[in-house]
Each structure stands twice: as C-alpha cells, then as structure tokens.
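A.B. asks: predicted model, plus sequence, below.
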Amino acid sequence: TPELISGNLNLNLRQGKFNFFLSEGYNQSGGRTRARTLRQNKDNGVITDYFNQYSIVERERRFNSFRAGMDYFMDNRNTITLSQDISIGRFGNEETQEQEYLNANGVKEYVGERLTDGAFRFNRKSTALNYKHVFPEEGKELTADVTYNYGTRSQHSNIVNSFFFPDGSVYEPPTIVRNNGRNKEDQVTFQADFVDPINEKNKIEAGVRSYHNTFTSFYDAFAQDNGTEVKLPLSNNYEYKEMINAGYFTFSHQGEKF
C-alpha cells in the first residue's frame, strides 16, 4: 500500500579467471492522493473573494533496472571489468480538480473543473570498462575507467480547464494546454587514479579525468485560442556540448599531533 511492489535478483558465477554477474530490479508504486486548498484573497486586509480547490490524483510509477558484466582476473594483480547497465522508467498521473470562485460574501459565482493527464518516460544505458592494478606494496593501486552513458527522456501532458455557472451553463470557453518534450544525452568519461601510501605517515594520491557531454532538448507547449492551437513562447529547441578536463595531486603527512 499504495500498490508497492519491489523485487531484486542477483546472480554471480565464478569460474577460473572469470567472474560473471547479473542483476535485475523492479519497483512500482501507485495509489490515490487527495488535496484541499481554501484560499482568501485580501486587499489591505479586507477579503475581496474566495477561491477553493479540491483535487484527486491517481499516480503510477514503474522502474526497471538491469545490469550484467564480467571480471577477468589476468593475474593476482590485474583485473579488467566490463559491464552494461540499462534503466527504464515510466511515470504517469491523472488529476481531477474541482474549483470554486466565491465573492466577498461567500456566494458562489462560478465553478471550474480541471482535468490533467501526464506521462514521463526515460531509457538510460551505461557501458563501462574498468582496469585495476594492485602493486606489491599494501594499499598501492592504479585504476583506469572509461564510461559511456546515453539515453533519452520524454514527457507529455494535457490540461483542460472548463468553467460553469452554478446552474451548469457555460461561464466561458474552456482553456486547453498541451505540452510535449523530449531530450537525448550522450556522456563519455575517461578517468585514472593512483594511490601510493609511501609509509605509515605519508601518502600520495593523483588522478586525471576528462568528461564529454552532448545534450539535445525539444520542448513544445500549445494552447487553444478560439479553437485554433497556438504555440506558446515557453517552447524551445537547443543543443549544448560540454567538456571538462581535470587533474589532481594530493600529498598527505601525519605527524604526532597533526
């Protein structure tokens, strides 16, 4: 409750110089939420009108993850790991909202009904290649990684607002808004790290990292005006590329008191 389901499966097989691993996970949740808002609008402390909202939202969440890969133990000091991750998500909600518009005397002038349905999906993948070398000295090691993350996301929603007099006749034409969006992202990361505990009191750590990202986004928002759909200024379409190169070096020394 509310509609919660969660499960995970992990498998592992070690044979000689190879270690194979596989994991699968699934999570879902849902249910219904209720909300109530009672609002007073004032001008210089004097109530001018009232606005009330009553909402019911039906929610749905689905998430699935998968990971598989292998370790290759070249010898007792060198290990290579190759892995693949896949994550898929689907989220949705439907909202029904009742609205009341009252004058300063608390008399209902008109009512509104808002219907909203929305959905969000994503599909992400990650491919990683890792290398690890362990030196004869305890704690001294070198690691190098290459990771490629990529995937897409999409979303859409529809909103309809209708307004009526208390007797049920139409107060004003309904307003309709429609949103659609999608994006794509590709990320590549190269990284290498080195740790050398020289002795009990001195330690060296160093590394380099290069991050490359390409992001593309499309978002369209529409509203109906007298039966004609108009594209809103909120819409956009852009792409950007990002590259970050970094390095670090740390020397640590532990004295008697510092």
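C.D. replies: Ah, there it is. Owing to the predicted nature of the structure, the values given are computational and were not obtained by experimental measurement.
A.B. asks: now Ile5. Nearest residue, chain neighbours left out?
C.D. replies: Leaving aside its sequence neighbours, Ile5 sits nearest to Gln28 (C-beta to C-beta, 6 or more residues apart in numbering; 4.8 Å). Yep, even glycine has a C-beta here, placed from its N, CA and C like the rest.
A.B. asks: can you give me the distance of that neighbour to Tyr211?
C.D. replies: 33 Å (C-beta to C-beta, to the nearest Å).
A.B. asks: kindly report the same for Thr152.
C.D. replies: 20 Å.
A.B. asks: can you check Gln97 too?
C.D. replies: 43 Å.
A.B. asks: the two: which has the busier surroundings?
C.D. replies: Gln97 (18 against 15; other C-beta atoms under 10 Å).
A.B. asks: list the contacts for the residue most central in space within the chain?
C.D. replies: What sits nearest the mean C-alpha location of the chain, by C-alpha atoms, centre = their mean, is Phe122, with 8.3 Å. Contacts here follow C-beta atoms under 8 Å, 6 or more residues apart in numbering; on that basis Phe122 touches 87-89, 151-154.
A.B. asks: and the residues you listed, which of them are buried?
C.D. replies: 87-89, 151, 153 (16 or more other C-beta atoms under 10 Å).
A.B. asks: and stretch 222-241, what's buried?
C.D. replies: Buried, per 16+ other C-beta under 10 Å, within stretch 222-241: 222-223.
A.B. asks: same question, stretch 201-209
C.D. replies: For stretch 201-209, by 16+ other C-beta under 10 Å, it's 203, 207.
A.B. asks: and the contacts of it?
C.D. replies: So stretch 201-209 is contacted by 189-198, 244-255 (C-beta under 8 Å, 6+ apart).
A.B. asks: ok, now with 7 Å
C.D. replies: Stretch 201-209 has contacts (C-beta atoms under 7 Å, 6 or more residues apart in numbering) with 190-198, 246-254.
A.B. asks: in PDB, list the C-alpha atoms belonging to the helix or strand hosting Tyr248.
C.D. replies: Per DSSP states H and E, Tyr248 falls inside strand 236-253. The C-alpha atoms that make up strand 236-253 are tabulated as PDB, following Å, rounded to 0.1, in the frame of the first residue of the first chain:
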ATOM      1  CA  ASN A 236      12.400  25.700 -27.000                       C
ATOM      2  CA  ASN A 237      14.800  23.700 -29.000                       C
ATOM      3  CA  TYR A 238      18.500  23.700 -28.100                       C
ATOM      4  CA  GLU A 239      21.700  21.700 -28.000                       C
ATOM      5  CA  TYR A 240      24.800  22.200 -26.000                       C
ATOM      6  CA  LYS A 241      28.200  20.400 -25.700                       C
ATOM      7  CA  GLU A 242      30.300  20.300 -22.600                       C
ATOM      8  CA  MET A 243      33.900  19.200 -22.000                       C
ATOM      9  CA  ILE A 244      35.600  19.300 -18.600                       C
ATOM     10  CA  ASN A 245      39.300  18.200 -18.100                       C
ATOM     11  CA  ALA A 246      40.700  18.000 -14.700                       C
ATOM     12  CA  GLY A 247      43.600  16.600 -12.700                       C
ATOM     13  CA  TYR A 248      44.600  16.500  -9.000                       C
ATOM     14  CA  PHE A 249      47.500  15.700  -6.800                       C
ATOM     15  CA  THR A 250      47.400  15.200  -3.000                       C
ATOM     16  CA  PHE A 251      50.300  14.700  -0.600                       C
ATOM     17  CA  SER A 252      49.300  13.700   3.000                       C
ATOM     18  CA  HIS A 253      51.500  13.700   6.000                       C
END
